[in-house]
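J.: Quick one, what's the 3D model for this:
(chains A and B)
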Amino acid sequence: AQTVTQSQPEMSVQEAETVTLSCTYDTSENNYYLFWYKQPPSRQMILVIRQEAYKQQNATENRFSVNFQKAAKSFSLKISDSQLGDTAMYFCAFMKLYGNKLVFGAGTILRVKS
Amino acid sequence: GAGVSQSPSNKVTEKGKDVELRCDPISGHTALYWYRQSLGQGLEFLIYFQGNSAPDKSGLPSDRFSAERTGGSVSTLTIQRTQQEDSAVYLCASSASGRVSYEQYFGPGTRLTVT
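T.: Got it, this is the predicted structure:
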């Protein structure tokens, strides 16, 4: 079975600064996908970024980038130039290559302060 | 276009009652998922529908939980004889295909409170 661990229950960052959220996972699979989802107070889960395990290059989406370390089974999210609208719960998630369900970590609450 | 919608937004029910939660996926999406988000268990998978295939029910926590998807579109999650531990936010998601490369789009969820 796969497990996803987010060791930071809460984080805070000043507006315009950079913050990194940590995620580690455990799997015996070689091919899989990793995701970061954002859940604002509205409860709507929004996909932030996705990484295919077979790709060595780290995924980036505008201000969001990941540091994917396959051997270490680590998948951290870096948010640059933090904005007040980034305040939300962030979930790291795993899916097997031919799987049909996301396995989520416990989440990290991120607060961006003005 | 319209996203995934869920109803009701909030539901308060008495212990022992049955409840039905509804999910309207994005039009044309063949895959539909139910997840449960609770304080104690985090976010957990419940059930997955893909086209006309038999659903993957491996995440349903007990036989009090069931789900159906009619006409390949709307889905209803039913909880019978609700218990206090069923209190949670129930999230529905859909995707264009069951393949992992297709993004799952989530609805706003139904918050269920069992008193």
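
J.: Tell me the residues of chain A that contact chain B?
T.: Taking C-beta under 8 Å from any C-beta of the partner chain, the part of chain A that reaches chain B is made up of A:33, A:42-47, A:50, A:91, A:95-107. Where C-beta positions appear, they are placed from N, C-alpha and C, glycine not excepted.

J.: residue ranges for the strands of the chain, please.
T.: No chain was given, so I picked chain A. Here chain A has its strands, by DSSP state E, at A:3-5, A:10-14, A:19-21, A:24-26, A:32-39, A:46-52, A:60-61, A:64-69, A:74-79, A:88-96, A:103-104, A:108-113.

J.: my bad, chain B
T.: Going by DSSP E, chain B shows strands at B:5-7, B:10-13, B:19-24, B:31-38, B:42-50, B:65-69, B:75-79, B:88-95, B:105-106, B:110-114.

J.: sorry, back to before: and the residues of chain A next to chain B, which are buried?
T.: Among the residues of chain A next to chain B, those buried by neighbour count (16 or more other C-beta atoms under 10 Å in any protein chain shown) are A:33, A:43-45, A:50, A:91, A:95-96, A:99-107.

J.: low pLDDT regions in chain A?
T.: For chain A, not a single residue meets the criterion pLDDT under 70.

J.: which residue is nearest the middle of it?
T.: The residue lying closest to the centre of chain A (C-alpha atoms, centre = their mean) is residue A:36, at 3.2 Å.

J.: Isn't it up against residue A:46?
T.: No. Residue A:36 is not in contact with residue A:46 according to C-beta atoms under 8 Å; the separation is 9.9 Å.

J.: So which bits of chain B are right by chain A?
T.: Proximity of chain B to chain A (C-beta under 8 Å from any C-beta) is limited to residues B:31, B:33, B:35, B:42-45, B:48, B:50, B:56, B:59, B:89, B:91, B:93, B:98, B:100-101, B:103-104, B:106-109, B:111.

J.: Buried ones only from these, please, as a PyMOL command.
T.: In PyMOL, this line selects whichever of the residues of chain B next to chain A come out buried by 16+ other C-beta under 10 Å:
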select buried, chain B and resi 31+33+35+42+43+44+45+48+50+56+59+89+91+93+98+100+104+106+107+108+109+111
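
J.: mind listing what residue 16 touches?
T.: Chain wasn't specified; assuming chain A. By C-beta atoms under 8 Å, 6 or more residues apart in numbering or on different chains, the contact set of residue A:16 is A:81, A:82.

J.: could you do chain B instead?
T.: Residues in contact with residue B:16 (C-beta under 8 Å, 6+ apart) are B:81, B:82.

J.: what's the pLDDT at it?
T.: pLDDT recorded at residue B:16 is 98.

J.: so how many other residues sit close to residue A:49?
T.: 20 (other C-beta atoms under 10 Å in any protein chain shown).

J.: To clarify, my last question referred to residue A:109.
T.: Counted with other C-beta under 10 Å, the neighbours of residue A:109 add up to 14.

J.: thought residue B:59 was touching residue B:46?
T.: Yes. Counting by C-beta under 8 Å, residue B:59 does reach residue B:46; the two are 4.5 Å apart.

J.: For the nearest residue to residue B:38 once chain neighbours are set aside, name its beta-bridge partners.
T.: Residue nearest to residue B:38 in three dimensions, not counting chain neighbours: residue B:88, with 3.7 Å by C-beta to C-beta, 6 or more residues apart in numbering or on different chains. Here residue B:88 sits in beta bridges with residue B:112, as judged by DSSP bridges.

J.: Distance check, residue B:88 against residue B:69.
T.: Distance, residue B:88 to residue B:69, by C-beta to C-beta, to the nearest Å: 21 Å.
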